[in-house]
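[1] build the 3D model from these lines:
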Amino acid sequence: MSPDTDLRSPLERFLDEAVVDEYADVPEHPARSRSWLAHWRSVPVALLIGLIAAVAIIATRGTAQARQDTRNELVDRVTGLTATVDQRQADVTAQAAAVSALQSQILNESQNTTRANEIDRLSRQAGVMELAGPGVTVTVDDAPDAQAGSLNRVLDRDLQDIVNALWQMGATGIAINGQRLTSTTAIRSAGSAILVNYQPLARPYVVEAVGTTTSGGGESGLARLLDELSTNYGLVTDVSTGDVTLPSGELRTPRFAHVVEGSS
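    Take a look at the predicted model:
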């Protein structure tokens, strides 16, 4: 066999050729030129990425600030409207007291004692006059670990049941968190809030009743109801007796829908 004969296998020759350093034959200057060109080509890309990131951060901050500004504006509006409602409610209470005083004055001047007593009795029954006397105070609150939307919170129907139990026990007047109940009062919910006389109440809920001097004992409907609320739903309840003063209420005139003649 000739000495010039290549005894390597095809695979060995391929590997030897693959590892030949071809870069050693390339002039140094062109290599540096390509490196410099690649470097400057990457600069616009980096600037573009930075610009996009900056725009995204500014947009995010702008959106967060807009949400905060909107929230602050809503809070200010609610606060202002609440103050207006409170002021108008105070005006209504003052006007109602003035009307009651004038009414009593007229009746006293006419010396019609029988009519004056009748108006006084009806006004107390209707809840449009302040009422004071021995009574019962029932306090009910959410369970300590109550979550939003759970049954471990006080519901409007719970207050309705407590009020009905107090009426059955002989109460002559009832108020919830200072809202006097009248013949037109509604106890209802709006979302997670409980409304009485269309006014939202804050927990705990204090139900005061004049006319019943006892909680009825362990066998009364009120005691059984409170025990069920505590046992089944974890509500916190308390009952106390003593002198109670109820504020006067507002008797709203009911409005009924009617068909207008000529309408289809």
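[2] what's the local residue count around the residue nearest to Val236 when sequence neighbours are not counted?
    Counting by Cβ to Cβ, 6 or more residues apart in numbering, Val236 lies nearest to Asp141, which is 4.4 Å off, once chain neighbours are set aside. Just so you know, the C-beta spots here come from the backbone N, C-alpha and C atoms, and that holds for glycine as well. Counted by other Cβ atoms under 10 Å, the residues lying close to Asp141 total 16.
[3] go on, Val92?
    Val92 is flanked by 11 other residues according to other Cβ under 10 Å.
[4] what of Ala53?
    For Ala53, the tally of surrounding residues (other Cβ under 10 Å) stands at 10.
[5] from Ala59, how far out is it?
    To Ala59, Ala53 is 11 Å away according to Cβ to Cβ, to the nearest Å.
[6] one more: Arg188?
    On the measure of Cβ to Cβ, Arg188 and Ala59 end up 43 Å apart.
[7] and the two? Which one has more around it.
    Each of Arg188 and Ala59 has its neighbours counted (other Cβ under 10 Å); Arg188 has more, 14 against 10.
[8] what residues are up against that one?
    With contact set as Cβ atoms under 8 Å, 6 or more residues apart in numbering, Arg188 has these partners: Asp156, Ile194, Leu195.
[9] if I pick the last one, what's in contact with it?
    Spelled out, it's Leu195. Shown in contact with Leu195 (Cβ under 8 Å, 6+ apart): Asp156, Ala186, Ile187, Arg188, Ser189, Leu201.
[10] beta partners for it?
    Leu195 forms beta bridges with Arg188, Pro200, as assigned by DSSP bridges.
[11] next up, the contacts around the residue nearest to Val236.
    For Asp141, the contact set (Cβ under 8 Å, 6+ apart) comprises Val154, Arg203, Pro204, Tyr205, Leu235, Val236, Thr237.
[12] Arg203 now?
    When contacts are counted by Cβ under 8 Å, 6+ apart, Arg203 touches Asp141, Asp142, Val154.
[13] report the residue ranges of every domain in this structure.
    Annotated domains of the chain cover 25-111, 130-246 [automatic domain parsing].
[14] start and end of the last one, how far apart?
    This means domain 130-246. The first and last residues of domain 130-246 sit 6 Å apart, counting by Cα to Cα, to the nearest Å.
[15] residue numbering should commence at 36 henceforth.
    Sounds good: first residue 36 from here, last item domain 165-281.
[16] could you look up the SS state of Leu186?
    When classified by DSSP: H, G, I helix; E, B strand; the rest coil, Leu186 comes out as coil.
[17] phi and psi next, for it.
    phi -80, psi 0 (degrees, to the nearest 10).
[18] how about the nearest residue to it, chain neighbours excluded?
    That would be Tyr268: by Cβ to Cβ, 6+ apart, it lies 5.6 Å from Leu186.
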